[in-house]
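*Asks:* Requesting a structural model of the entry that follows:
(2 chains)
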There are 2 protein chains.
Amino acid sequence: MVMTGEDHVTQIETSCFDLVSYLKEKKQLVEAALDASIPITCPEKIYEAMRYSLLAGGKRLRPILCLTTCELMGGTVEMALPTACALEMIHTMSLIHDDLPAMDNDDYRRGQLTNHKVYGEDIAILAGDALLSYAFEHVATQTHNVSLTNLVDVIARLGRTVGAAGLVGGQVLDLESEGKSNITSDILKFIHVHKTGALLETSVVSGAILAGANLEDIERLSHYAQNIGLAFQIIDDILDITSTQAELGKTAGKDKQAQKATYPSLWGLEESQKQAQILIEDAIAQLAPYGREAYPLEAIARFIVSRKN
Amino acid sequence: MVMTGEDHVTQIETSCFDLVSYLKEKKQLVEAALDASIPITCPEKIYEAMRYSLLAGGKRLRPILCLTTCELMGGTVEMALPTACALEMIHTMSLIHDDLPAMDNDDYRRGQLTNHKVYGEDIAILAGDALLSYAFEHVATQTHNVSLTNLVDVIARLGRTVGAAGLVGGQVLDLESEGKSNITSDILKFIHVHKTGALLETSVVSGAILAGANLEDIERLSHYAQNIGLAFQIIDDILDITSTQAELGKTAGKDKQAQKATYPSLWGLEESQKQAQILIEDAIAQLAPYGREAYPLEAIARFIVSRKN
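*Replies:* Coordinates of the predicted model:
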C-alpha cells in the first residue's frame, strides 16, 4: 500500500489520540456496570461463581466496541451499556464452558484458576448457563430509549452469535480439528470467524443498531469488525507461541501441545503477522467516511495487532 | 371442599372435553414446528446433537400450555408458536445439562441414551448452549403480529426463567441438598419452584402476554401455573418411587439412590398425592371466570395428577 500525504497526516493525528486513557475510561464504566448487574442472592454459590469469572478483569474489548460504535453512530453510552454487559456475559460464558475438562481442560484463565477449578464442574456449567440466559434478560429489561424494533434485532443477533451459527459452531469444528494434520486455511478461517469473529462483529454491529444506524453504515462496520476479528485471532495464535503464561494470564503453548492448526503453523510467524496487518489496514479503510469521530475504532484496530496479551 | 351442584355439572362437562385428542393435535403442531426450526447445516454434528434431544418426544407440556393460554386470552397459535418452541428448547437444554456426569450423571432420558452418551460430553454441553441461545434467536426473529413491548417482556421472562433466579438456581440448591438429611419442605419447595415451576409458569404466562392479556388475567394464570408446577413435581417424585424405568423412560428410583429429599420422603406417598390434588383444585379454581374456554387448561391440570410418566 502506497501511503499518500493525507494518509500520513491522518495516521499522525490518530497516533495522538490517547487510546490508553480512552480504553481505561470505558473499561471503568463497563466494570462498574458489570459489578452492579449481578447482585448476590440465594443460592449465593451460583451468583458468586458467575461474578468470579465475569469480574475477573480482561480487556473488555467487546463491550467497549459496542459502546464506541453506538457513540460513533450518534447514540449514547446509556443506550448501549446493557448490551455491552450482555456481550461480556456471553464471552465469559463461552470461556467458562470452553475451559471445562470435557473441552479444552484449562486450569488458568485471566491469571486465576478457571471457574470449575474453584467451584466444581457442575457449578461451572450452571454458571455459564446462567450468564447466558441473564445476558438476554439484562438486555431486554435494562435497555431504554432504543426503538423496540432495533432492540429485538440486537437480541436476535446475540442469540445467533452464541449458537451453532456462531461461537458454538466454531468450537465444535475446533474440537473436531484437534490433532488432524489436514486442516486447511479455509477450515481454520471457518473456526475463527465463528469462534471469535462472530461475537466481535455482533459487538460492533449491535452498538450501531442500538443507535439507529442505517444499513450502509451497518455493512461498513460489519466489514471493519470481521477484519479485526480475524486479525485478533491471528495475533492470539502468535501470542500462544511467543508469550509466557505470566504474560498471557492463561496457559501458553497450548495450541502446539494440542496439535492445533493455527495461522503460524500454516503460514509461519512472519506471514501471519503480515496478514494480520493487512486485515487491520482494510478494517481502518472502512472508517474513512467518519473522519475523526472514528479515531477510537481506528486506534482499537491498531491496538489489536500490537497487543502483548 | 364441598362440591356444589354447579361444580358437579362443570366437572362432568370437563370430563367430556377430549383432552387426549386436544393434546395430540397440539403436540403434532409443536413437533412439526420444532422439526422445522433447526435444519442441519455445517458443522452437522452439533445440529444433529441438538435435534437428537429436541425431537426425542416427551409430552411437550410447556409449549402446549403456552399455545393454550395464548388462545384462551384471544391470541392465535401462530402468535405463540415460536415461543412455544423456545420453551421446549430451553427445557431440553436443561435436561441435557442436568444429565451430564458432572451433574445427575444419567444414561437414559425419554427412553433413549442421554445426549452425552451418544455425542460425548463436550458436544452435549455445546448442544445445550446452542439450544439455549437459539431459543432467544427463534423468538426474536420468528414472532409476528405481537406487540413488541409484549415480545420483549416475554424474552425477559424467558431469560429470568433459565438463570440463577429460575432453573439454574433450583438445580444448584438441588445439587447442594443431595445426601443431606435436614432438608425442610421449605427448601424442597424452593428447589421445585425454581427447577420445575418457573418454566411451567413462564410457559403459561408468556402465552397470555403474547396475546396481550391484562395484568389481572396474567396474575390469575400465574397462580394457576404455580400450583400445577408444584403438583407436577410432587407427582414426579411419587412416580420415581412407584414406576419402573420402562414406564418413565428414564432411570427410576434415582431420588432414593441419591438420597434426595422428596415430597414422599417428607410427607409419605398418600399425603403427597393429597397435596398434589389440593394444588390442582386450587389451580382449577383460578380458571372460573373463563368458563368453557378454559376446559383445556382445566383438563391439563387434572392430567398432571393422574399421569403415569
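*Asks:* Could you give the number of residues near A:E178?
*Replies:* 13 (other CB atoms under 10 Å in any protein chain shown). Just so you know, the C-beta spots here come from the backbone N, C-alpha and C atoms, and that holds for glycine as well.
*Asks:* I'd like to know how far the residue nearest to A:G253 when sequence neighbours are not counted sits from A:L269.
*Replies:* Leaving aside its sequence neighbours, A:G253 sits nearest to A:D240 (CB to CB, 6 or more residues apart in numbering or on different chains; 6.6 Å). Distance, A:D240 to A:L269, by CB to CB, to the nearest Å: 11 Å.
*Asks:* higher neighbour count, those two?
*Replies:* Neighbour tally, A:D240 and A:L269, criterion other CB under 10 Å: the higher count belongs to A:D240, 20 against 14.
*Asks:* Which elements pack onto whatever helix or strand the more buried one lives in?
*Replies:* Using DSSP states H and E, A:D240 maps to helix A:215-242. Where contact means 3 or more CB pairs under 8 Å, 6 or more residues apart in numbering or on different chains; DSSP states H and E, helix A:215-242 is packed against helix A:185-192, helix A:198-210, helix A:245-248, helix A:254-257, helix A:263-267, helix A:269-285, helix A:295-306.
*Asks:* helices or strands next to the fifth one in the packing?
*Replies:* Counting contacts by 3+ CB pairs under 8 Å, 6+ apart, helix A:263-267 packs against helix A:185-192, helix A:215-242, helix A:269-285.
*Asks:* Would you mark the buried spots in the first one?
*Replies:* Read it as helix A:185-192. A:I187, A:L188, A:F190, A:I191, A:H192 (16 or more other CB atoms under 10 Å in any protein chain shown).
*Asks:* Show the contacting residues for the third one.
*Replies:* If you count contacts by CB atoms under 8 Å, 6 or more residues apart in numbering or on different chains, A:F190 has them with A:G170, A:L173, B:C42.
*Asks:* show me the contacts for the second one.
*Replies:* Going back to what we said before, that points to A:L173. Contacts of A:L173 (CB under 8 Å, 6+ apart): A:I187, A:F190, A:I191, A:H194, B:P43.
*Asks:* Quick one: the residues you listed as JSON lines, columns for distance to A:L87 and pLDDT too.
*Replies:* JSON lines is the format used below for those (distance: CB to CB, whole Å; pLDDT from 0 to 100):
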{"residue": "A:I187", "distance to A:L87": "26", "pLDDT": "91"}
{"residue": "A:F190", "distance to A:L87": "22", "pLDDT": "92"}
{"residue": "A:I191", "distance to A:L87": "20", "pLDDT": "93"}
{"residue": "A:H194", "distance to A:L87": "16", "pLDDT": "94"}
{"residue": "B:P43", "distance to A:L87": "24", "pLDDT": "93"}
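*Asks:* residue ranges with poor pLDDT in chain A?
*Replies:* A:1-16, A:245-246, A:248, A:250, A:252 (pLDDT under 70).
*Asks:* Contact partners for the residue in the stretch 201-309 of chain A that chain B sits nearest to?
*Replies:* The nearest approach of the stretch 201-309 of chain A to chain B comes at A:T202, 11.5 Å away (CB to the nearest CB). Taking CB under 8 Å, 6+ apart, we find A:T202 in contact with A:L87, A:R157, A:L158, A:R160, A:T161, A:G166.
*Asks:* what sits against the closest residue to the fourth one other than its chain neighbours?
*Replies:* Nearest non-adjacent residue to A:R160, counting by CB to CB, 6+ apart: B:E137, 5.0 Å away. With contacts defined as CB under 8 Å, 6+ apart, the neighbours of B:E137 are A:I155, A:A156, A:L158, A:G159, A:R160, A:G163.
*Asks:* I'd assumed B:F136 was in contact with the fourth one.
*Replies:* I take that to be A:G159. Yes - using CB atoms under 8 Å, A:G159 is in contact with B:F136, at 4.0 Å.
*Asks:* what's the angle from the helix or strand hosting A:K27 to helix A:295-306?
*Replies:* Per DSSP H and E, A:K27 falls inside helix A:19-37. With axes from the mean of the first three to the mean of the last three CA atoms, to 10 degrees defining the directions, helix A:19-37 sits at 100 degrees from helix A:295-306.
*Asks:* returning to that earlier point: mind putting the contacts of A:L173 into CSV with distance to A:L100?
*Replies:* Shown next, in CSV, are these (distance: CB to CB, whole Å):
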residue, distance to A:L100
A:I187, 23
A:F190, 23
A:I191, 18
A:H194, 19
B:P43, 19
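*Asks:* which two from those end up farthest apart in space?
*Replies:* A:I187 and A:H194 (11.1 Å; CB to CB).
*Asks:* which residues in the stretch 1-150 of chain A form helices?
*Replies:* Here the stretch 1-150 of chain A has its helices, by DSSP state H, counting those that start in this stretch, at A:5-16, A:19-37, A:44-54, A:61-72, A:77-98, A:115-119, A:121-142, A:148-162.
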